[in-house]
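Participant: Return atomic coordinates for the entry below.
(chains A and B)
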Number of protein chains: 2
Amino acid sequence: MTAIAQTTAAEPTTEAGLEQLLASAHTAAVPLAALRPTDRAELLGVVADALDAAADQLIPLAQQETHLAEARLRGELKRTTFQLRLFGEVLRDGGYLDARIDHADPDWPMGAPRPDLRRLRVPVGPVVVFAASNFPFAFSVAGGDTASALAAGNPVLLKAHSGHPRLSVATADVVTTALHQAGAPRGTFALISGTAAGAAALQDPRVKAGAFTGSIPGGRALFDIANSRPEPIPFFGELGSTNPAFVTPAAAAERCTEIADGFISSFTAGAGQFCTKPGILFVPAASALVESLRSAVLPQAAPLLNTRIQSGYAEVLQNLTSNPRLKVLAQGPGALSDPPAPTLLLTTAEDILAEPHALQTECFGPTAVVVTYDDESLLPALAETFEGQLTATVHATDSCEVAALVEVLARKAGRVVWNQWPTGVSVTYAQHHGGPYPATTAIGSTSVGTAAIERFLRPVAYQGFPQHLLPEALRENNPLAVPQLVNGKRAEQP
Amino acid sequence: MTAIAQTTAAEPTTEAGLEQLLASAHTAAVPLAALRPTDRAELLGVVADALDAAADQLIPLAQQETHLAEARLRGELKRTTFQLRLFGEVLRDGGYLDARIDHADPDWPMGAPRPDLRRLRVPVGPVVVFAASNFPFAFSVAGGDTASALAAGNPVLLKAHSGHPRLSVATADVVTTALHQAGAPRGTFALISGTAAGAAALQDPRVKAGAFTGSIPGGRALFDIANSRPEPIPFFGELGSTNPAFVTPAAAAERCTEIADGFISSFTAGAGQFCTKPGILFVPAASALVESLRSAVLPQAAPLLNTRIQSGYAEVLQNLTSNPRLKVLAQGPGALSDPPAPTLLLTTAEDILAEPHALQTECFGPTAVVVTYDDESLLPALAETFEGQLTATVHATDSCEVAALVEVLARKAGRVVWNQWPTGVSVTYAQHHGGPYPATTAIGSTSVGTAAIERFLRPVAYQGFPQHLLPEALRENNPLAVPQLVNGKRAEQP
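Facilitator: Model prediction:
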């Protein structure tokens, strides 16, 4: 494994190189789709084991390239391999196939006999995944998009993020070697580098879906490419979010210090470089919470992922502070330096209502805006001013009348959080990491949690087929023991 | 009900009129979404009953405007009201909510405690539905898109098809009156008229999804509008398909007459104006099937839906017959007249391979192409030449080696049919009426069958919420008795 430490960044993928990788992915698609789900689960497990085994080589590279702390990176790698194994569990369960069987019914009340119809979900074909900067493991080479696309049975072309190029090559080597040793079809996974190669791959007719985590302009540009193809393809982009949080007067009175501490810890976690960072906090003007935040000890300056993000952060923060509607509430020394100390800005509900768009700009880094309000009954109207969000948070007490606020937030956001903080997105069965645009480009999809696999599947129905030609999941004797909906009823599993 | 017979076509919806309807739909969205699923099931049932009761007024209007036969139209209306009631059943079942509950777990193996997370699907918001010409009931005002969007809990703005304007107004009156009498929120359903109003509605920020059944150019133009909005929205277009059918030598030898009769009956059903019409039939050159088709008695000429479709049909047919690769195999008298007699064209597998795109053009009307092949082993390669399809059909025997062909067809089409014909799309639990582009613009979705409701829903997760603020479907005591996935396992229903 000494090779890993010597890994160099990949050169931008050439046109000829990309053609070869696309051809391989195209060729791999049929045998990969034909594998039993349980066999694909094995592949994911082998990849997870190989990544765990390479941790001591990968983590130092990640530290060098992202400036993130070792403990955070070890936790992220653990999350990444857990995620691969969890998708293995999804494959072994088989519910993701959504297998449905309708037996022929001459008396079907629609007025014509019902034929024998059987439906399941199949892989869409090769997927291009664009890696993110801020999670060099969990949303990068072997991250959630890759795991779910592979689990679904699709070859993956992974566009490396320029922020951690050597780590990307090293991780891809681990993945490719593990897949090869486990007998996966050649072409199941490949790394590509460079913006041009990523865009070209997305335009190639052999590619059938795209996935992305990153900025609104970058994600929108790729979304537009995917949709302007002669054959448009689905594009699952997770773009931007300010993740508003609302504190009721009762909660502020009851848990002032706890809320102040929790908020500061959440908006500065990972140096504020989480897509679920609570970027705006609504607090009662009359509460002690404003003073608690003003006098709080903010965490020390921490380096951002790279110089591009550092300069982008400083630019957005300068723009915000030059807005007369925003004042500095609290700030460490060197807020615009590298590394930047955290900043809390202050404004009012009236100002948000007057200029929502400018004041709700996502600031990727350790800055958040505190908004004071006088009238609790205005909270639903304030919530209405937001565009689509990944998350929205409410801090209240059980006796608060917040149903109207929660109703608005559930319309605006993919996840609504109660008396907790939105950072730390758990990988679970019920997780939803999505939301209306610009939080994502595909409102019905999630990029975290077991449902993420659904993005890379499409249904196919078989009408009147003999048993031996049906996919195993649709056969009468259910040899894979998958959940089946039979004549509209959930059948007992064998 | 005498009013219906006097119904006149709607004037194009004005800008001011559209604004009012959009505002009403926007206002209706929240209370409609808040209704219990079972209450929305009641609404759908009331609409179905009202349409059945109005059959004797609606059918004659449909006959006048579409030239379709009374029996066909009565069957289609029955299918339409059945569909509304079937979505009621979907709502009562509750499985469509995909309710998931993860209990908090301090030992969750991802490396951090799992919070309590609960997820379900909620309505997306107002939907614009563009009605089709060829199913004046089942894919029009109260058709599948409307039924599934309403079932999901979304207000519907229905863009009437210009081919049956009076029927559209009359049907909309029945729907609107029934919804009003049943207590649905004002603005739950409205009819709009005119191309400009349809496009304007699709661009309005209050509209959250679009659905369409029609031509490739028309659907693509609307798809592009939906995706170029500042906030792009999902657009579910069902566009075009030639629906290839493949007959093996063994099947041709065994069931020559049956296949010839079945094919003729399927491609001329509804005067060939079905999106699932088998437009291309591959037959062994050496079989008697070619002669059977040449000497078959084709059905009599039947009028097409309207003069626009008649002239479009004649134009495409003339283009096809001017192609030297296509000969006329069989034709009734007056193939280009109004009404047109059916036409069967003839070509070879070599010609298809040489010029697939031109020879696979969809011809909406009573024309199909017969393709002779010499070598059965070429069938998978011939299947590969097709773009995305709604359906693909195989006529074979159980001992035929067609696994490779079926594999290709399942990649190309949304539904694969065995020894039957693709027309007559049954409304069931396992139906899939979709497929890769250009069959549809949304590869993961169906416009027929109970899964069609999924198009108009999006997931929302609730983290750490107290029971009383959770949607009923996510509560621990499961008061709606919906299927729940609890900690990754399908729970027993109470």
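Participant: which helix in chain A runs the most residues?
Facilitator: Ranked by residue count under DSSP state H, the longest helix found in chain A is helix A:70-93.
Participant: after it, next one along is what?
Facilitator: Sequence-wise, the next helix or strand downstream of helix A:70-93 (DSSP states H and E) is strand A:99-102.
Participant: So that next one, near chain B or not?
Facilitator: Yes - using C-beta under 8 Å from any C-beta of the partner chain, we find that strand A:99-102 touches chain B at A:100-102. To be clear about C-beta, it is placed using only N, CA and C from the backbone, and glycine gets the same treatment.
Participant: Spit out the contact partners of whatever residue of the stretch 51-200 of chain A ends up closest to chain B.
Facilitator: With C-beta to the nearest C-beta, the shortest gap between the stretch 51-200 of chain A and chain B falls at A:R100, namely 3.8 Å. Neighbouring residues of A:R100 by C-beta atoms under 8 Å, 6 or more residues apart in numbering or on different chains: A:117-120, A:484-486, B:429-430, B:451.
Participant: now A:P339
Facilitator: A:271, A:301-304, A:310.
Participant: 10 Å - rerun?
Facilitator: A:P339 is in contact with A:67, A:271, A:300-304, A:310, A:365-366, counting by C-beta atoms under 10 Å, 6 or more residues apart in numbering or on different chains.
Participant: tell me which residues of stretch A:357-367 are tucked away?
Facilitator: A:359-360, A:362-367 (16 or more other C-beta atoms under 10 Å in any protein chain shown).
Participant: now, which of the residues you listed lie within strands?
Facilitator: Using DSSP state E, the subset of the buried residues of stretch A:357-367 located in strands is A:T367.
Participant: Just the buried residues of stretch A:357-367: which are in helices?
Facilitator: Among the buried residues of stretch A:357-367, the members falling in helices (DSSP H) are A:L359.
Participant: can I get the buried residues of stretch A:357-367 in TSV with pLDDT?
Facilitator: Listed next are these as TSV, based on pLDDT from 0 to 100:
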residue	pLDDT
A:L359	90
A:Q360	91
A:E362	90
A:C363	94
A:F364	95
A:G365	96
A:P366	97
A:T367	98
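Participant: can you redo the buried residues of stretch A:357-367 as TSV with distance to chain B?
Facilitator: Below are those laid out as TSV (distance: C-beta to the nearest C-beta, whole Å):
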residue	distance to chain B
A:L359	19
A:Q360	15
A:E362	16
A:C363	21
A:F364	21
A:G365	23
A:P366	21
A:T367	24
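Participant: just the strands in the stretch 151-300 of chain A please.
Facilitator: A:156-159, A:189-192, A:209-213, A:235-238, A:244-247, A:280-284 (DSSP state E, counting those that start in this stretch).
Participant: Now render the ones you listed as TSV, adding mean pLDDT, mean neighbour count and distance to chain B.
Facilitator: Listed next are the strands of the stretch 151-300 of chain A as TSV, based on pLDDT from 0 to 100; neighbours: other C-beta atoms under 10 Å in any protein chain shown; distance: least, C-beta to the nearest C-beta, whole Å:
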stretch	mean pLDDT	mean neighbour count	distance to chain B
strand A:156-159	98	28	18
strand A:189-192	98	25	21
strand A:209-213	98	29	8
strand A:235-238	98	28	10
strand A:244-247	98	26	12
strand A:280-284	98	25	17
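Participant: Nearest to A:V417, out of those?
Facilitator: Comparing these by their distance to A:V417 (C-beta to C-beta), the top pick is strand A:244-247, with 7.9 Å.
Participant: Domain map for chain A?
Facilitator: With domains defined by automatic domain parsing, chain A comprises A:2-239+A:442-457, A:244-418.
Participant: so how far is the first residue of the shortest one from its last?
Facilitator: By C-alpha to C-alpha, to the nearest Å, the extent of domain A:244-418 from end to end equals 12 Å.
Participant: Now do whichever residue of the stretch 251-400 of chain A sits closest to chain B against B:L117, distance only.
Facilitator: Of all residues in the stretch 251-400 of chain A, the one sitting closest to chain B is A:D398 (5.3 Å; C-beta to the nearest C-beta). Remark: distance between A:D398 and B:L117 (C-beta to C-beta, to the nearest Å) = 19 Å.
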